[in-house]
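K.L.:
Just to be clear, the model below is a prediction. Sequence and coordinates:
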Amino acid sequence: MSEGRYGDWRTVSKYSSRTNFIGNCMHPDGCNFRVRTETECGSVSPWSGVANSSAQTTQTPNNSMVRTFSSPTECGVIIQWDRAPSNGSRPQSLQVWIQKRSGEFSSTGVSQYCSTASETTQCTIPSAVLRASPFLLTTDDDVVAKVTVQYSSWKVTYETDSNGYDVAKLGSKPKKVTTISVEKAENSSIDVTWNPPSDEQNLQYELVWNNGVGTLDEFPQYVPLTQPYTFALRYNRGNLRPGKEYVFKVRAINSCGSGEFSEPSKLSINQAPSRPDTPVVSSILEEDKCGVKIDWNKISEGGTPITNIFIDVLKKDADGVFQPSDITELLNKPDFVKNFGSVEVGNVDMAMCPDAITEKSCFITC
């Protein structure tokens, strides 16, 4: 006789001194057998001692059929196992169990995500379920699973490889991006680069900026730059306006959500001042004022305040070619207005024109 799942015994052979048990014993603890004799007169001997089939076999249980992986497309863990064999008895159903933080296993709520059909070989459990009761797992905890397969009269349990080779860590939102660099590139564009947070891979990134409106100290309003998100670690932005302060920050995104934005990084785009228009020259000869006034239009500063303006006085020579001339020499001549001729941008001692930058003009006294 052999012992069944619930301790009951069933006859496997009768009226023979030897029998061959047809079928495979799939019980993880092996199958128990015992023998007794009966005579034609109806007398029955006591049962023999119990022999276990596991002592007669060298086959080792498969305890590495269950594997866990981090899901690349959703915030969760993939549990995968080999299809339950049907050697001698067809599997009827299965159940997936997850190890709790306390070390015990539980299947509470798992069947909502993992089918009990015997042909099932994979399911995905959301991280939120694993973080909640009764599992209470946290970020970077091992997600250990096992699968029990129900046969006609016994169960077989398959477990995760004990060496941890096929065990996933519980994922979470990405960490904060800590390094972001903003540098001026060619054509007055800006290169923004950053590093993955904690060397995490396969992340997407969202880069935002202030579009030149406001400054870092004025609580800038950020708008997205990367739509859709980017897998790259570099972004170049052109078509920028001189004199504006551009502020950038970036965050990483995975299937569990968005990480924290990096600290903002800023850069101002500055260019050389624009070329002034041809100045307007006029002479002033009054009771209390004598000299020449030079006026010009506003000069675009290119983002950096103008610190100096250079004025050069040119005099026509006999061939009609303008040559540099000493302004004081011209001013000391009675006909300085006639000799002054045309004035272009150049170099004059700014001590003579202390308000040239703010007033857009220069008055040189006689």
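P.N.:
Alright, I've got the coordinates.
K.L.:
hey, which strand is longest across this structure?
P.N.:
strand 245-254 (DSSP state E).
K.L.:
and that strand, what other elements does it pack with?
P.N.:
strand 180-184, strand 190-194, strand 204-209, strand 265-268 (3 or more Cβ pairs under 8 Å, 6 or more residues apart in numbering; DSSP states H and E). In short, each C-beta sits where N, CA and C put it, glycine included.
K.L.:
Taking strand 190-194 as reference, get the angle to that strand.
P.N.:
30 degrees (axes from the mean of the first three to the mean of the last three Cα atoms, to 10 degrees).
K.L.:
mean confidence for the helix or strand just after strand 245-254?
P.N.:
Heading C-terminal from strand 245-254, the first helix or strand you meet, by DSSP states H and E, is strand 257-258. Strand 257-258 shows an average pLDDT of 90 in the prediction.
K.L.:
Pairing partners for strand 257-258, with directions?
P.N.:
Here strand 257-258 is paired, per DSSP bridges, with strand 245-254 (antiparallel).
K.L.:
ok, which stretches of the protein are helices?
P.N.:
Using DSSP state H, the helices of the chain run over 127-131, 327-331, 336-340, 356-359.
K.L.:
lowest-confidence stretch among those?
P.N.:
helix 336-340 (a mean of 39).
K.L.:
ok, and the helix or strand in the protein with the lowest average confidence?
P.N.:
The weakest-scoring helix or strand in the chain, judged by mean pLDDT, DSSP states H and E, is strand 343-345 (a mean of 34).
K.L.:
which residues of the stretch 51-200 of the chain score low on pLDDT?
P.N.:
Applying pLDDT under 70 to the stretch 51-200 of the chain flags residues 53-64, 87-88, 161-165.
K.L.:
Now do the same contact list for residue 51.
P.N.:
Taking Cβ atoms under 8 Å, 6 or more residues apart in numbering, we find residue 51 in contact with 32-34.
K.L.:
partners of it in the sheet?
P.N.:
Residue 51 has the following beta-bridge partners by DSSP bridges: residue 33.
K.L.:
what's the spacing between it and residue 32?
P.N.:
Going from residue 51 to residue 32 by Cβ to Cβ, to the nearest Å gives 7 Å.
K.L.:
so how many other residues sit close to residue 214?
P.N.:
15 (other Cβ atoms under 10 Å).
K.L.:
Any stretches of the stretch 201-350 of the chain with poor pLDDT?
P.N.:
In the stretch 201-350 of the chain (pLDDT under 70), the answer is 270-274, 283-291, 300-308, 312-315, 322-350.
K.L.:
before we move on, back to that, how about the helices and strands packed on strand 245-254 in TSV, adding distance to residue 252 and mean neighbour count?
P.N.:
As requested, the helices and strands packed on strand 245-254 are exported to TSV (distance: least, Cβ to Cβ, whole Å; neighbours: other Cβ atoms under 10 Å):
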stretch	distance to residue 252	mean neighbour count
strand 180-184	11	15
strand 190-194	9	19
strand 204-209	6	21
strand 265-268	16	17
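K.L.:
any chance of these in a markdown table, plus distance to residue 139?
P.N.:
Formatted as a markdown table, those follow (distance: least, Cβ to Cβ, whole Å):
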| stretch | distance to residue 139 |
| --- | --- |
| strand 180-184 | 24 |
| strand 190-194 | 22 |
| strand 204-209 | 19 |
| strand 265-268 | 28 |
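K.L.:
Nearest to residue 123 among the ones you listed would be which one?
P.N.:
strand 204-209 (25.6 Å; Cβ to Cβ).
K.L.:
just checking, what packs against that closest one?
P.N.:
Using 3+ Cβ pairs under 8 Å, 6+ apart, strand 204-209 is in contact with strand 223-224, strand 245-254.
K.L.:
mind redoing it with 6 Å?
P.N.:
strand 245-254 (3 or more Cβ pairs under 6 Å, 6 or more residues apart in numbering; DSSP states H and E).
K.L.:
Restrict the strand it packs on to CA atoms and write it as CSV.
P.N.:
The C-alpha trace of strand 245-254 is given here as CSV (Å, rounded to 0.1, in the frame of the first residue of the first chain):
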residue,chain,number,x,y,z
GLU,A,245,19.8,84.1,-18.1
TYR,A,246,18.8,80.5,-18.9
VAL,A,247,18.1,78.1,-16.1
PHE,A,248,17.9,74.3,-16.5
LYS,A,249,17.1,71.3,-14.3
VAL,A,250,16.5,67.6,-15.1
ARG,A,251,15.0,64.5,-13.5
ALA,A,252,15.1,60.8,-14.2
ILE,A,253,12.0,58.7,-15.0
ASN,A,254,11.4,55.0,-15.0
